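Student: predicted coordinates and the sequence they were generated for:
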Amino acid sequence: MREHSKLFEEVFASDIAGAKRECVCGRVIFNPDGGWDWDEGELEDLFVQAKRDPDMFIAVDYSVQTFDFGTGEIVIGCPCGRALVIEEFSIVESARIARYIRRYHEARIGRSREVLTTLDIRNGR
């Protein structure tokens, strides 16, 4: 399975990690050995579900971290590969993304200037 790059992870990973996260694909990734506080029966239930459906409930030996691109959390290490898709899209479309960001900020600066000019006129300047 191909995975996203370490650079992509370093730049875009959320700053929070934990015992369990659900990926946008529906898989639940959990770390049973991290010394976490589980609700009564929660960890046991995860193991039962992992035995029943090992593709959808996956135990790992590290703190579970995510990417959040505003469409829900993508769990780092999830076999769905959605992070790789977003990384590859970002690379292929990098020129368009850069152009969009530049034009977006130019428009914001233009709007800020309009507001400041309006305020100056109202204040008699």
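Tutor: In hand now; what should we look at?
Student: strands along the protein, start to end?
Tutor: Across the chain, reading from the start of the chain, the strands by DSSP state E fall at 13-18, 20-22, 28-30, 57-59, 64-68, 73-75.
Student: out of the helices and strands in this structure, which is least certain?
Tutor: Lowest mean confidence among the helices and strands of the chain (mean pLDDT, DSSP states H and E): helix 94-122, at a mean of 83.
Student: quick one: that helix to chain centroid distance?
Tutor: With C-alpha atoms, centre = their mean, to the nearest Å as the basis, helix 94-122 stands 27 Å off its chain's centre.
Student: and that helix, what's buried?
Tutor: Within helix 94-122, not a single residue qualifies as buried, counting by 16 or more other C-beta atoms under 10 Å. Backbone N, C-alpha and C define where each C-beta goes, glycine included.
Student: for residue 22, give the beta-bridge partners.
Tutor: In this structure, residue 22 bridges to residue 28 when assessed by DSSP bridges.
Student: renumber starting at 10 from here on
Tutor: With 10 as the first residue, the last one maps to residue 31.
Student: any idea how far it is from residue 91?
Tutor: Spatial separation of residue 31 from residue 91 under the definition C-beta to C-beta, to the nearest Å is 13 Å.
Student: next: residue 32.
Tutor: Distance, residue 32 to residue 91, by C-beta to C-beta: 8 Å.
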